[in-house]
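In: One predicted model, sequence on top.
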Amino acid sequence: MKRWILGAWLLVVGVAATVIVGKEQLVSRGEVVYLRLAPVDPRSLMQGDYMALNFAVGLEVAAAQAGAQAPRKREALVVIRRDAAGVGQLVRLHDGQPLAEGERLLRVQNVPSRWGGPMVQVSTDAWFFQEGQADRFAKARYGEFRVDKTGQALLVGMRDEGLRPL
């Protein structure tokens, strides 16, 4: 019995370590992409100080998916292009065609929104911050992501209107 417990424990630790290493590699090697925030209610008394997130590109993807013939899948790939400042703009839904120069994949999820109905989520729907920092993060206008070649995105920071870190 002790061998099973030890084996299970080693398996859990191994899987956790693999996930952590993967995220660390994404942070260190991923391309920087900024995505404009769409407004939502930024406070939760039960969870502490946080910002509920929605991104403008998610609204654009939802509109494009609504006009598409195919049913929505839980996870989808879209094609974005970064402007000179690094801000990602939706180009199209990814249909498997090769990417043109300057185009990047972005992985999104179709999930139920907190307020009912579907929404398109990029990486996460919340940014938690230290208590008492709400005024600082109220200036956030962009999420800073690291994105790998497969479109996997990880939110690593918030930026103001001038793309300055908060």
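Out: Yep, it's here.

In: switch to C-alpha atoms for all contacts and neighbour counts from now on
Out: Noted.

In: for this protein, which helix is longest?
Out: Counting residues, the longest helix found in the chain (DSSP state H) is helix 2-29.

In: Which neighbouring elements make contact with that helix?
Out: If you count contacts as 3 or more C-alpha pairs under 8 Å, 6 or more residues apart in numbering; DSSP states H and E, helix 2-29 packs onto strand 142-147, strand 153-159.

In: so the host helix or strand of residue 34 versus strand 153-159, what angle?
Out: Per DSSP states H and E, residue 34 falls inside strand 31-36. Between the axes of strand 31-36 and strand 153-159, defined by axes from the mean of the first three to the mean of the last three C-alpha atoms, to 10 degrees, the angle is 60 degrees.

In: Hey, what's the angle from strand 31-36 to strand 142-147? Just curious.
Out: Using the same axes, to 10 degrees: strand 31-36 against strand 142-147 is 150 degrees.

In: Looking at the helices and strands packed on helix 2-29, which is nearest to residue 110?
Out: strand 153-159 (14.9 Å; C-alpha to C-alpha).

In: Can you spell out which helices and strands pack onto the helix or strand hosting residue 80?
Out: Assigned by DSSP H and E, residue 80 belongs to strand 75-82. With contacts taken as 3+ C-alpha pairs under 8 Å, 6+ apart, strand 75-82 sits against strand 88-93, strand 103-112.

In: can you tell which of the ones you listed is closest to residue 135?
Out: That would be, of the helices and strands packed on strand 75-82 and by C-alpha to C-alpha, strand 88-93, which comes in at 25.8 Å.

In: what's the spacing between that closest one and its chain's center?
Out: 14 Å (C-alpha atoms, centre = their mean, to the nearest Å).

In: Compute the number of surrounding residues for the closest residue to residue 60 other than its chain neighbours.
Out: Spatial nearest neighbour of residue 60, excluding adjacent residues (C-alpha to C-alpha, 6 or more residues apart in numbering): residue 90 at 7.2 Å. For residue 90, the neighbour count with other C-alpha atoms under 10 Å is 20.

In: ok, now residue 32?
Out: If we define neighbours as other C-alpha under 10 Å, then residue 32 has 20 of them.

In: who touches the nearest residue to it once chain neighbours are set aside in this structure?
Out: In space, and not counting its chain neighbours, residue 32 is closest to residue 146: 4.8 Å by C-alpha to C-alpha, 6+ apart. Contact analysis of residue 146 by C-alpha atoms under 8 Å, 6 or more residues apart in numbering lists 26-27, 29-33, 153-156.

In: separation between residue 146 and residue 71?
Out: Per C-alpha to C-alpha, to the nearest Å, residue 146 is found 28 Å from residue 71.
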